[in-house]
Each structure stands twice: as structure tokens, then as C-alpha cells.
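J.: Sharing a model prediction with you, sequence too.
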Amino acid sequence: MDLQLTDRVAVVTGANKGIGLAITNALVAEGAYVVAGSLSTENLDGLDRVTAVPVNLLDADGPAILVQKAIDAHGRTCWSTTSGRCGSGWTVSWPPGTRSSIGRCR
């Protein structure tokens, strides 16, 4: 199936393992570039079309660091997806403007 993702730029959080890594691999298989953020990046380092970014998204500047890496590496972002958990739950309180959707490319 061609999802028409070739050369699109995705930001994926929680990307080092589990569903975040699966999302990263699926996007790359469809031809997208992925800026992959996670506390650790050992499973992401060296993957083709993946920019691994070690980042703590609970830090005040964490989301901005991740988005800036995408812009620095590719000049844009097309969308983002959020995967990961905080403490014992699966929800994270994001600063305003940094929820799961960063924006879409035109």
C-alpha cells in the first residue's frame, strides 16, 4: 500500500521501543523521514531515514528541542505522533501548543 509518505517528515515520541519504534519503522518503510525522540536512543541510532534525538519531553524545553531538530534536519515537519508513558499512567500533560499534532505540511 502506498500511503504517499515518501519524503514527508514525521516527529515520533517514545520512539526507542514498543509502539513508538513500530510506528517509526512503519513510517520509514513508507518512505518518510522520522525525527525520533526518546529518553534513550539505542534502538534508533544508525537507522536509515531516522534522526534519533535523546530528549525528555517532560522538561520545559523538551518538545521545542525535538521540533527544532526536525526543522534543522529537514526544514519542516509534516506531523507528529505521541507514544510513551509517564510514571504509572499513559498520559502526559503537554505544554500549550505541543500536543500530538504539530502541524501538517502543505
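T.: Alright, I've got the coordinates.

J.: What about Gly62? Give its phi and psi, please.
T.: phi -60, psi -50 (degrees, to the nearest 10).

J.: tell me the contacts of it?
T.: Neighbouring residues of Gly62 by CB atoms under 8 Å, 6 or more residues apart in numbering: 37, 55-56. Quick note: C-beta positions are derived from backbone N, CA and C, even for glycine.

J.: looking at this, Val28 is in a strand?
T.: No - under DSSP: H, G, I helix; E, B strand; the rest coil, Val28 sits outside any strand and is assigned helix.

J.: Could you pull up the residues touching it?
T.: Residues near Val28 by CB under 8 Å, 6+ apart: 34, 47-50.

J.: separation between the residue nearest to His74 when sequence neighbours are not counted and Thr77?
T.: In this structure, His74 finds its nearest non-sequential neighbour in Val9, 4.5 Å apart by CB to CB, 6 or more residues apart in numbering. Distance, Val9 to Thr77, by CB to CB, to the nearest Å: 5 Å.

J.: and if you look at Leu27?
T.: 13 Å.

J.: Need the residues touching each of those two.
T.: Common neighbours of Leu27 and Thr77 (CB under 8 Å, 6+ apart) are Ala10.

J.: Report the secondary structure state of the residue nearest in space to the middle of the chain.
T.: In the chain, the C-alpha nearest the mean C-alpha coordinate belongs to Val12, at 1.8 Å (CA atoms, centre = their mean). The three-state label for Val12, taken from three-state DSSP, comes out as strand.
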